[in-house]
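Visitor: any chance you could fold what I've pasted below:
(chains A and B)
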Protein chains: 2
Amino acid sequence: MKAYQALTERFQRLARLDHLSAIAGWDMQTMMPSGGSDARGEALAELSVMHHEILVQASTAELIAQAQHEALDSVQQANLHEISRHYNDAALLPTELVEAQALAGSRCERAWRQQRIENDWQGFQRNLVPVVELARQEAQLRAQALGVSPYDGLLNLYEPGMTSQRLDTLFGELIGWLPDLLQQVVAKQPSRTALPTQRIYPISQQKALAESVMQLLDFDFEHGRLDISAHPFCGGVSTDVRITTRYDTTEFLSALMGVIHETGHARYEQNLPKQWSGQPIGLARSTAIHESQSLFLEMQLGRSKAFLQRLHPLICQHLTAATDLSLDDLVKQVQHVSPGLIRVDADEVSYPAHVILRYEIERSLINGEVEVGDIPDLWNDTMQRYLGLSTAGDYRNGCMQDIHWTDGSFGYFPTYTLGAMYAAQLFNSLQQQLPSIDEAITLGDLKPIFDWLNHAIWRQGSRYSVDALMQQATGETLNPKWFRQHLERRYLGR
Amino acid sequence: MKAYQALTERFQRLARLDHLSAIAGWDMQTMMPSGGSDARGEALAELSVMHHEILVQASTAELIAQAQHEALDSVQQANLHEISRHYNDAALLPTELVEAQALAGSRCERAWRQQRIENDWQGFQRNLVPVVELARQEAQLRAQALGVSPYDGLLNLYEPGMTSQRLDTLFGELIGWLPDLLQQVVAKQPSRTALPTQRIYPISQQKALAESVMQLLDFDFEHGRLDISAHPFCGGVSTDVRITTRYDTTEFLSALMGVIHETGHARYEQNLPKQWSGQPIGLARSTAIHESQSLFLEMQLGRSKAFLQRLHPLICQHLTAATDLSLDDLVKQVQHVSPGLIRVDADEVSYPAHVILRYEIERSLINGEVEVGDIPDLWNDTMQRYLGLSTAGDYRNGCMQDIHWTDGSFGYFPTYTLGAMYAAQLFNSLQQQLPSIDEAITLGDLKPIFDWLNHAIWRQGSRYSVDALMQQATGETLNPKWFRQHLERRYLGR
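Guide: Residues are numbered from 1 along each chain as shown, chains lettered A, B, ... in the order given. Here you go, the predicted model:
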C-alpha cells in the first residue's frame, strides 16, 4: 500500500490548496474591495498552476499504476478510481491548450458583460468562435481518451458516466410532454394576486428570516455562514461552507428561495464523509447530484404546501411589511408558472425547456454539426417550439443571456435538469418510505428527511457511481417519470 | 541577469502564496466560524511548508551566488540583498528545529490562555522552558551565521541591523530619565473628568465614526476595509489592506484610537512602491519602522491638540451619546497618563518602561544569563524601579500578560519603543520642514503630512537600511532626544 499511501498524501496536499483557493475565491465575491482584484487573480492563478504541477507530475501516473496492484479494500479502490479520474481529467490537456482557453475565455466573458447589455451579437460571436474552437479541441482529446463522442468528453467532467445518448432519450421524452403540460398548467393555475409593490423589506429583516430558515433546514452555523454577493453561490469548504444571496428590498421571495436552494448545496457539503476528508472519495458525487440536493430543498421541499405552512409564520414574524401575507397568497406566488425568456427566472415547469434547448445546441456545436453563427436561429426556433416565445433579434434575452458558454463551460447545462429529475426521484422514494412525511414537514420536524438524505446521498461522498448511488437510494437508476409525476401532482393536482 | 531574473520570478511566486496566506489568515480572525479552524490551520500550515520548500531549495542559493556576479543596477542590488536576507533567515534553521518550535510554541500558547486566567505560573513555566530552550538554539544558529550575540540573532529578524549593544545605550538613556519624567507628568497633569459611564455607543455609530476618521486619514477604501476581530491587527496585502478593531459599547476611545493606529500601518502598506510589488525590496522596511507609522498616526498626530480639534466634531456628529463631550475633556482623556501593570493599556509615557523591562529580561534569557524561573522576581524588581508598581505573586498581570514569549517570539518587544522613537523623530523633522503643519492639521488638511511620509518612508519600501532611511528622512540616524522632547512638550508643556 506504499503507492496508495503516497497518493493519498499528495491528494491531501491538493485538498489543502483547494481549501485556500475556495476561501480566497469566496472573499473575492463577498468581501474584497475592487482594487484588490488584479493581485487576487494572480495569486489564485498561481495556486492553480501549482495545483496542476503537483497533480500531473509524472510520478502521479506511476503511483496510480503501482497502487492498482496493491491490496486495497473497497473504499480504497473507490478512492483510487476517483484519484485516477481526477489525474486523467487534468493530465489530458497540454498546458498550451489550457492557457489558450483561459485567455480566450476570460476575454470573451469580460467583453460579454458589456456586449450583452448592448445586444451586440456580432461582437460576441467574434469572441465566442475561438472559445468554441478550443473547447472542440479539448472535447476531442477527452473523447479519444474515454472512447466517447466529443461532447460526452466534456459532459463527463461534470457528470461522470453520463452520455449524450442517454440524455437524448431522457430529454427527448421529457420535451415530448413538457410543452403540453406547461400549457395545461398555465391555463389551469389560479390567478395570482400580485404581491403589494412599494413595500420595503429591510435587508436586516430579510437576513434574519434567511438565517431562521437555514436553522430550520439544520444548516450548521458552526461550520458555515451566509453573506451577500452579486451572484449567489455555495462556496468554501466542507468544514466551513459559505453560501451567499442578494437582497432586493422591494421583493423578498427570490432571496429567500435562493437561500433555501444554496442551503441544499451547503447541507450536502457539510455532511460529506469526514473520515475521507481530503480525499477524492470524500467529495460530492457530481454536479447533477449536487444540484439535486439544492433542488430537493428548494423545489421538492421548499415549494411544497406542507413546507410553506411552516415557512409562512416565519415570514410574518421577521418581515414587518409582510405580516398581512396569507398562506394562500404565499403558495400562489411560490408555485406560479409563467414561461419566459430568461432561464434563471424560470419556474420549475418551464426550466427544463431552457436546459434542453441549450443542451441540443451545445451538443451539436461541440460535435461540429452546427457553427456559432447558427446559434441565434436555432435558439429562436427552439424557443418557439418549446415555450412559444420568440427571441428573433433579441440576443440579449436569447442566446447571450448565460455566462456558461462565454468561458467555454460546455457540458454543464444538462446537470440542472438532471438535478431536478434526481431530486424528484429522491423525494418520491422518501415519501414511499416515510408516508407521514408531509405531516412532519408541516410541524417543522425535518430531521427524518435529513437523516434519509444523509444516509442516501451525503455520507456516501464519491464512493459509488451516480447510477449505483441512485439505485441504492431509490431502487432504480434515473427514471424521469418521477419528475413528471411531481409536476403533474403539484401543478395539475393529479 | 538570468540568475537575478529567475530569483525575481521565484519571489513573485512566493509573494502570491503570501497573499493567500494573508487573506486566509485574516478570514480566520474575522469571518471563519469556529468549526472551520482545524482544517484552516492545516491548509495554512501546508502553504507555509510549500513556501519554505520553494524558498530554501538548493537552487536559490546557487542563483543568489550567480546573481551577485551579474550587472545589476542599484535597485536590483538592493533587491538581491533582501532576497539573500530572506533566504538566509529561512534556510538557516533545520526543519526539525522549526517543527519542534511550532509544536512547543502552540502547546505553550494554547495552555497559556487558561493558565493566565488562573494565575498559574508553575504550569506556564513548564511549557515555557522548552520554548526558551528551542529559541536559544535558533538564536545560536542565527548568531553564528551573522557573527553577532545570540539575542541579536533573533532581534535581526524584526529589525535588520539593530544590535543589543545599541539598544542598551538607547534604552539605557531613556530609562535614565523616564521614571522621573513620569512622576512629574502624573503630578502636573490636570485632573481628568471621568467620561460619563452607563452611556451606550452603538457599534454601528462607532463604525461610521471609525470610517470617517479613516477617510480623514486618507485610507484607500478601494484597496482595503475595516472589520472586527478579538485582537486588532493590520493584515491582508498591500493592494487590499484589512484592518480590524473591537468595539466596546460603553467606551469608544479605545476602538477609535486603535483604528487610527491600524490606519497608520495600513497607509504604509497601501503606499509601498508598486513598481516593486512581489519583490522583497517592495516590502515594508522593518517591524519598528512599521510601528513608527502606526504610532506617527496614533501618538504624534492622533493625540495632538491640533488633530483632536478636527476629530472632536466628528465624534459629536457620529456618536449620539457623546454630543456633549467637550474638546477639553477629549484632550484630557486622550492625553491622560497613568502608570499601570498592563502594557497594552499603557499611555505613551509609561509604555517604554514596559518594553525596556521585557527587553532586558528576554535578552538575558536568550543569552543564557538568566533562566525561566528567574523571570517573576526580575519582573517584579524592574516594575518597582521603573513604574513603582509591584507584581509579586500576580503573574497574570505581570510576566504572564503577553502572548509574545508563549510561541517564542523573542526579539520583537524592542520594536514597539524603537517605533515610538522613530515616530517622534519623523514628526519633529516634518515640523521643521513644514512649520505651519499644526494649522493645516486643525483644518483637516493632512495631505502635506502624507506626502511627506510617502516620500520619506512609504515609497522607499526596503530599498535602504533602516539607518539610511532615517538619515535621508531626518538628517540623522535614530536619536532618542526627539522622543524625550515630544514627551516633555506634550506632557510638561516645555
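
Visitor: from here on, contacts and neighbour counts on C-alpha atoms
Guide: Noted.

Visitor: beyond the lengthiest helix in chain A, next helix or strand please.
Guide: Assignment by DSSP state H gives helix A:2-30 as the longest helix of chain A. For helix A:2-30, the following helix or strand on the C-terminal side (DSSP states H and E) is helix A:37-56.

Visitor: can you report how many residues lie near the residue in the stretch 301-450 of chain A that chain B sits nearest to?
Guide: Residue nearest to chain B within the stretch 301-450 of chain A (C-alpha to the nearest C-alpha): A:F450, separated by 20.3 Å. By the measure other C-alpha atoms under 10 Å in any protein chain shown, the count of residues near A:F450 is 16.

Visitor: cool, and the one 5 residues further on?
Guide: A:H455 has 13 neighbours, counted by other C-alpha under 10 Å.

Visitor: ok, now A:Q122?
Guide: With neighbours defined by other C-alpha under 10 Å, the count for A:Q122 comes to 11.

Visitor: what of the one 5 residues further on?
Guide: By the other C-alpha under 10 Å criterion, the neighbourhood of A:N127 contains 19 residues.

Visitor: report pLDDT for the nearest residue to A:W276 once chain neighbours are set aside.
Guide: Once flanking residues are discounted, A:W276 sits nearest to A:G282: 4.7 Å by C-alpha to C-alpha, 6 or more residues apart in numbering or on different chains. If you check A:G282, the pLDDT there is 98.

Visitor: quick one: the helices in the stretch 251-400 of chain A?
Guide: When secondary structure is read from DSSP state H, counting those that start in this stretch, the stretch 251-400 of chain A shows helices at A:253-270, A:287-295, A:305-318, A:327-334, A:351-366, A:375-387.

Visitor: and the residue nearest the centre of chain A?
Guide: Among the residues of chain A, the one closest to the centroid is A:E291, at 4.2 Å (C-alpha atoms, centre = their mean).

Visitor: need the contact list for it.
Guide: A:H265, A:T415, A:Y416, A:G419, A:A420 (C-alpha atoms under 8 Å, 6 or more residues apart in numbering or on different chains).

Visitor: and with 6 Å instead?
Guide: The contact partners of A:E291, by C-alpha atoms under 6 Å, 6 or more residues apart in numbering or on different chains, come to A:G419.

Visitor: any idea how far it is from chain B?
Guide: A:E291 sits 24 Å away from chain B when distances are taken as C-alpha to the nearest C-alpha, to the nearest Å.

Visitor: over to A:A65?
Guide: On the measure of C-alpha to the nearest C-alpha, A:A65 and chain B end up 26 Å apart.

Visitor: also A:L226?
Guide: Using C-alpha to the nearest C-alpha, A:L226 is found at 11 Å from chain B.

Visitor: what secondary structure does that residue sit in?
Guide: Three-state call for A:L226 (DSSP: H, G, I helix; E, B strand; the rest coil): strand.

Visitor: so what's the residue count around it?
Guide: Number of residues near A:L226 (other C-alpha under 10 Å) recorded here: 19.

Visitor: domains in chain A, by residue range?
Guide: Domain segmentation of chain A under automatic domain parsing yields A:2-150, A:203-336+A:416-492.

Visitor: coming back round to it: okay, the helices of the stretch 251-400 of chain A, which one's buried deepest?
Guide: Of the helices of the stretch 251-400 of chain A, the one with the most neighbours on average (mean count of other C-alpha atoms under 10 Å in any protein chain shown) is helix A:287-295, at a mean of 26.

Visitor: avg pLDDT for it?
Guide: Averaged across helix A:287-295, pLDDT comes to 98.

Visitor: so that helix versus helix A:253-270, what angle?
Guide: Angle, helix A:287-295 to helix A:253-270, by axes from the mean of the first three to the mean of the last three C-alpha atoms, to 10 degrees: 130 degrees.

Visitor: what sits closest to A:A424 if chain neighbours are left out?
Guide: Leaving out its chain neighbours, the residue that sits closest to A:A424 by C-alpha to C-alpha, 6+ apart is A:F483, at 5.0 Å.

Visitor: how near is A:Q101 to A:P130?
Guide: From A:Q101 over to A:P130 the distance is 9 Å, taken as C-alpha to C-alpha, to the nearest Å.

Visitor: next one: A:Q215
Guide: 46 Å.

Visitor: these two: which has the busier surroundings?
Guide: For the pair A:Q215 and A:P130, the greater number of neighbours falls to A:P130 (18 against 13), based on other C-alpha under 10 Å.

Visitor: please name the nearest non-neighbouring residue to that one.
Guide: The spatial neighbour of A:P130 that comes closest, neighbours along the chain excluded (C-alpha to C-alpha, 6+ apart), is A:A104 at 6.7 Å.

Visitor: any idea which element the one you found lies in?
Guide: helix A:95-117.

Visitor: just the buried residues of that helix, please?
Guide: Using 16 or more other C-alpha atoms under 10 Å in any protein chain shown as the test for burial, helix A:95-117 gives A:Q101, A:A104, A:G105, A:S106, A:R107, A:C108, A:E109, A:W112, A:Q115, A:R116.

Visitor: pLDDT wise, what is the fifth one at?
Guide: Right, A:R107. 92.

Visitor: what are the phi and psi values for the closest residue to A:S164 other than its chain neighbours?
Guide: Nearest residue to A:S164 in three dimensions, chain neighbours excluded: A:D152, at 6.1 Å (C-alpha to C-alpha, 6+ apart). Phi and psi for A:D152, reported as degrees, to the nearest 10, are phi -60, psi -30.

Visitor: roughly how far apart are A:D152 and chain B?
Guide: A:D152 is 35 Å from chain B, by C-alpha to the nearest C-alpha.

Visitor: local confidence estimate at that residue?
Guide: Each residue has a pLDDT score; the one for A:D152 is 98.

Visitor: count of neighbours near it?
Guide: 26.

Visitor: now do A:L154
Guide: 26.

Visitor: can you give the distance of the one helix or strand it maps to from its chain's centre?
Guide: In the assignment (DSSP H and E), A:L154 maps to helix A:150-158. Its chain's C-alpha centre and that of helix A:150-158 lie 16 Å apart, by C-alpha atoms, centre = their mean, to the nearest Å.

Visitor: tilt between it and helix A:351-366?
Guide: 130 degrees.

Visitor: which other helices and strands contact helix A:150-158?
Guide: helix A:121-146 (3 or more C-alpha pairs under 6 Å, 6 or more residues apart in numbering or on different chains; DSSP states H and E).

Visitor: assign the residue of the stretch 301-450 of chain A closest to chain B to helix, strand or coil.
Guide: Going by three-state DSSP: A:F450 is helix.

Visitor: tell me, how many residues neighbour A:W121?
Guide: 20.

Visitor: give me the spatial nearest neighbour of it, chain neighbours excluded.
Guide: Spatial nearest neighbour of A:W121, chain neighbours left out: A:Y395 (6.3 Å); criterion: C-alpha to C-alpha, 6+ apart.

Visitor: repeat for A:L216
Guide: A:L216 sits nearest to A:G444 (C-alpha to C-alpha, 6+ apart), 7.2 Å away.
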